[in-house]
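**Q** with the sequence up front, the predicted model follows.
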Amino acid sequence: MPAIAVYARVSTQRQAQANTPEQQLERLRAYVQAQGWDLPLEHVFRDDGYSGATLRRPGLDRLRDAVTSARFERIVITAPDRLARNYVHQVLLVEELQRHGAEVTFLDRPMSQDPHDQLLLQIRGAVAEYERTLINERMRRGRLRKLRAGTLLPWTQPPYGYRLDPDRPRDPAGVRLDEAQAALVRDLFAWYGDEGATLLGLRKRLLQLGITSPQGHRTWSSAALHGLLTNPTYTGQVFANRVRTVPARMRGSALRPVGRDGFSQRRTDPVEWIAVARVPALVDQAQFDRVQERLAHNRSMARRNNSVHAYLLRGLVSCGHCRRACGGRHLHPGYDYYVCPSKTQRRAFVGPERCRARYIPARQLEDLVWRDLCEVLQHPPIVAAAMERAQGGHWLPQDLQARRATLRRGRAALGQQRDRLTEAYLSSVIPLGEYERRRCEIEARLAGLERQEQQLATDAARGGEMAKLAGHVETFCQRVREGLAVADFAGKRALLELLVDRVVVTDGAVEIRYALPTGPDGEREPFCRLRSDYRTLVQPLEAVPAPGDPL
């Protein structure tokens, strides 16, 4: 009996509350039962309230992980748009599932390999994508009109200190003060703007008072306090379009994703803000302006802007224990270290379990990484070997030609066997049943050889592409190699930022992972900015481990 799985999805929470997933699952269970198949509870995958325009869905991720381990032979879904709205995503997912041996069945729109069915699937996917784009554009323009008319709030969760009318959560007229939180907001503005407290001082004071963060955490983060102190809503004016979502450009640690889900928020120009409505003010404009001036001054005088102590591996070192980014710290002349942030933060903000990582001597680590980088660039065979391992084997044109010739000889021999078999049947030497059986065997072997030849052509194309990439890498190494001996600090820093993806230090072990550019585009930006998630995408070019000398 085949192993069966089902998948259901709805786009919005409103649809989820209307039991749309249950309706889909009822149809899917009825179909599976009618076929006489079993459907265990753990084989049911669902996403409630997730858009089909994105592939980031927990239920779909679990399904793809399960299929990767060859657990299922068939996946049953009500319609293609439940799997994905975007046609490209549909094709990607269907091919991925089928590649791992799982056949995809749609109840509403059965799909086969017939060209007409494939054409209809493409048309339906394009129509679904058009409908989604049209709906999104209508919703965007309608939301913009309501914001400009002052009848819609730009947020669903109010800023700290305010409450919404539960019956009218998006109505500006329903915004009310939360007196306890509002009193704290006024105190925070007074402590920072009038009494000269710092963000760290505010964190300590809130911790001593036992006041939890808006998310219920024991301690407030500096980012949360900064966001509160820069929110103009507390002056009584609600603005929309204050921030926009952009691809993340910075990373906290090489071992963690870039930004949150690969995106970050960037503040827009104040001229683009949309004044929506008035709400009860918590601070006056003069006090708000004083706080902004002090924040700007502190930002310009922050320790991160101090260039007295230069660190060659700034932003590239990560702790192998807690996976957080290590920062530079100068203790005494000649004593510079890369330190896990849990070592420098106060215990009250770190928690009971402090990371057990040691201080990392900065100059020894920098010398080690630079020597290893020079070794890699001066010996292109190391890079070529790493690229061959990434490709999965060697690319040898003569070997491919020999295999192709062998396959062609095999196909020719089977063709001759088929011709002799046909002559024997026509001469009444063998009966029809025997002829059909043996001919089917020959045809199956011919089809297998044809698939092998197609795979060989694919391997040859991939090998040629990898050879071109390897050639570019070798040319790049030759061009860079000439300036290694005379590189100053800025040159070394630029080269390390371009070629080193991460330096992971775990006690006395150092792991260096390189990312060498395989094309002209790869030389323009550091590798960390070209990737959005280090845990789900393909790993970079395999590293050449540094010598394991203890630091």
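**A** Arrived safely. Numbers count the residues shown, from 1 in each chain.

**Q** from here on, contacts and neighbour counts on C-alpha atoms
**A** Will do.

**Q** and Asp488, how many neighbours?
**A** Residues lying near Asp488 (other Cα atoms under 10 Å) number 10.

**Q** helix or strand next in line after the helix or strand of the chain with the lowest mean pLDDT, which one?
**A** Using mean pLDDT, DSSP states H and E, the weakest-scoring helix or strand in the chain turns out to be helix 13-17, at a mean of 48. Downstream of helix 13-17, the next assigned helix or strand under DSSP states H and E is helix 20-34.

**Q** ok, and for that next one, which residues are buried?
**A** Of all the residues in helix 20-34, those buried under the rule 16 or more other Cα atoms under 10 Å are Thr20, Pro21, Gln24, Leu25, Leu28, Arg29, Val32.

**Q** pull the CA atoms of that helix into CSV?
**A** Provided in CSV are the C-alpha atoms of helix 20-34 (Å, rounded to 0.1, in the frame of the first residue of the first chain):
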residue,chain,number,x,y,z
THR,A,20,-11.7,26.3,5.0
PRO,A,21,-8.7,24.0,5.9
GLU,A,22,-11.1,21.5,7.4
GLN,A,23,-13.3,21.5,4.3
GLN,A,24,-10.2,20.8,2.2
LEU,A,25,-9.1,18.0,4.5
GLU,A,26,-12.5,16.4,4.4
ARG,A,27,-12.4,16.2,0.7
LEU,A,28,-8.8,14.9,0.8
ARG,A,29,-9.6,12.2,3.4
ALA,A,30,-12.7,11.2,1.4
TYR,A,31,-10.6,10.8,-1.7
VAL,A,32,-7.9,8.8,0.1
GLN,A,33,-10.5,6.5,1.7
ALA,A,34,-12.2,5.9,-1.6
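
**Q** how about the helix or strand following it: buried residues?
**A** Per DSSP H and E, helix 20-34 leads on to strand 44-47 as the next helix or strand towards the C-terminus. The neighbour-count check on strand 44-47 (16+ other Cα under 10 Å) flags Val44, Phe45, Arg46, Asp47 as buried.

**Q** and these, which is closest to Asn298?
**A** Asp47 (44.9 Å; Cα to Cα).

**Q** now do the closest one against Arg299, distance only.
**A** For Asp47, the distance to Arg299 (Cα to Cα, to the nearest Å) stands at 43 Å.

**Q** and for Ser213?
**A** Using Cα to Cα, Ser213 is found at 23 Å from Arg299.

**Q** more neighbours: these two, which one.
**A** The neighbour count for Ser213 versus Arg299, taken as other Cα under 10 Å, is higher for Ser213 (17 against 12).

**Q** surely that one is in a strand?
**A** No: assessed with DSSP: H, G, I helix; E, B strand; the rest coil, Ser213 is coil; it does not lie in a strand.

**Q** what's near enough to touch it?
**A** The contact partners of Ser213, by Cα atoms under 8 Å, 6 or more residues apart in numbering, come to Thr219, Trp220.

**Q** and the pLDDT at it?
**A** Looking at Ser213, its pLDDT reads 91.

**Q** now do the helices in the stretch 301-450 of the chain.
**A** Remark: helices assigned in the stretch 301-450 of the chain by DSSP state H, counting those that start in this stretch are 341-344, 347-350, 362-378, 380-391, 397-426, 432-481.

**Q** rank those helices by mean pLDDT and give me the bottom one.
**A** Looking at these, the bottom one is helix 347-350 with a mean of 56.

**Q** which residue packs closest to Ala362, ignoring adjacent ones?
**A** Distance criterion Cα to Cα, 6 or more residues apart in numbering; nearest residue to Ala362, sequence neighbours excluded, is Tyr337 at 4.5 Å.

**Q** pull the contacting residues for that neighbour.
**A** Residues in contact with Tyr337 (Cα under 8 Å, 6+ apart) are Gly328, Arg329, His330, Tyr359, Ile360, Pro361, Ala362, Arg363.

**Q** go again with 10 Å.
**A** 311, 326-331, 358-365 (Cα atoms under 10 Å, 6 or more residues apart in numbering).

**Q** next: Gly410.
**A** Arg404, Gln416, Arg445, Leu446, Leu449.

**Q** tell me which two in the residues you listed are the farthest apart.
**A** Farthest-apart pair in these is Arg404 and Gln416; separation 18.6 Å (Cα to Cα).

**Q** re the thing from before, any idea which of the contacts of Tyr337 is the one closest to Leu295?
**A** For the contacts of Tyr337, the nearest to Leu295 is Gly327 (22.6 Å; Cα to Cα).

**Q** what's the distance between Arg418 and Ala457?
**A** For Arg418 relative to Ala457 (Cα to Cα), the value is 25 Å.

**Q** which one of those two is surrounded by more residues?
**A** Each of Arg418 and Ala457 has its neighbours counted (other Cα under 10 Å); Arg418 has more, 19 against 14.

**Q** picking that back up, reformat the buried residues of strand 44-47 as TSV; add distance to Arg278 and pLDDT.
**A** Converted to TSV, those look like this (distance: Cα to Cα, whole Å; pLDDT from 0 to 100):
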residue	distance to Arg278	pLDDT
Val44	48	92
Phe45	45	92
Arg46	41	91
Asp47	38	89
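
**Q** closest to Thr68 among those residues?
**A** Among the buried residues of strand 44-47, Phe45 lies closest to Thr68 (Cα to Cα), at 14.9 Å.

**Q** now for the closest one: which residues touch it?
**A** So Phe45 contacts Ala5, Val6, Tyr7, Ala8, Arg9, Leu25, Pro58, Gly59, Leu60, Asp61, Arg62, Leu63 (Cα under 10 Å, 6+ apart).

**Q** in the sheet, who's paired with it?
**A** Counting by DSSP bridges, Phe45 forms beta bridges with Tyr7.

**Q** the closest residue to Val376 other than its chain neighbours and Cys374, how far apart?
**A** Among residues not flanking Val376 along the chain, Ile382 sits closest, at 6.5 Å (Cα to Cα, 6+ apart). The gap separating Ile382 from Cys374 is 12 Å, by Cα to Cα.

**Q** try Asp507
**A** If you measure Asp507 against Cys374 using Cα to Cα, the figure is 24 Å.

**Q** where's Ala296, which helix or strand?
**A** Using DSSP H and E, Ala296 sits in helix 285-300.

**Q** and that helix, how far from the chain's centre?
**A** Relative to the centre of its chain, helix 285-300 is centred 35 Å away, using Cα atoms, centre = their mean, to the nearest Å.

**Q** what does that helix rub up against?
**A** Residues contacting helix 285-300 (Cα under 10 Å, 6+ apart): 189-194, 196, 198-199, 226, 229-232, 234-236, 282, 301-302, 305-306.

**Q** can you turn the buried part of the residues you listed into a ChimeraX selection?
**A** Command for ChimeraX that selects the buried part of the contacts of helix 285-300, burial taken from 16+ other Cα under 10 Å:
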select :189,190,191,192,193,198,199,229,232,234,235,236,282
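
**Q** can you check the pLDDT for Glu525?
**A** Looking at Glu525, the pLDDT reads 59.

**Q** using CSV, write out every CA atom in stretch 209-218.
**A** Taking C-alpha atoms only, stretch 209-218 is exported to CSV below (Å, rounded to 0.1, in the frame of the first residue of the first chain):
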residue,chain,number,x,y,z
LEU,A,209,11.7,48.0,38.7
GLY,A,210,10.7,44.6,37.4
ILE,A,211,8.9,46.0,34.3
THR,A,212,8.8,43.5,31.5
SER,A,213,9.2,44.4,27.8
PRO,A,214,6.2,44.8,25.5
GLN,A,215,6.8,41.2,24.4
GLY,A,216,6.8,40.0,28.0
HIS,A,217,10.6,39.5,28.2
ARG,A,218,12.4,40.0,31.5
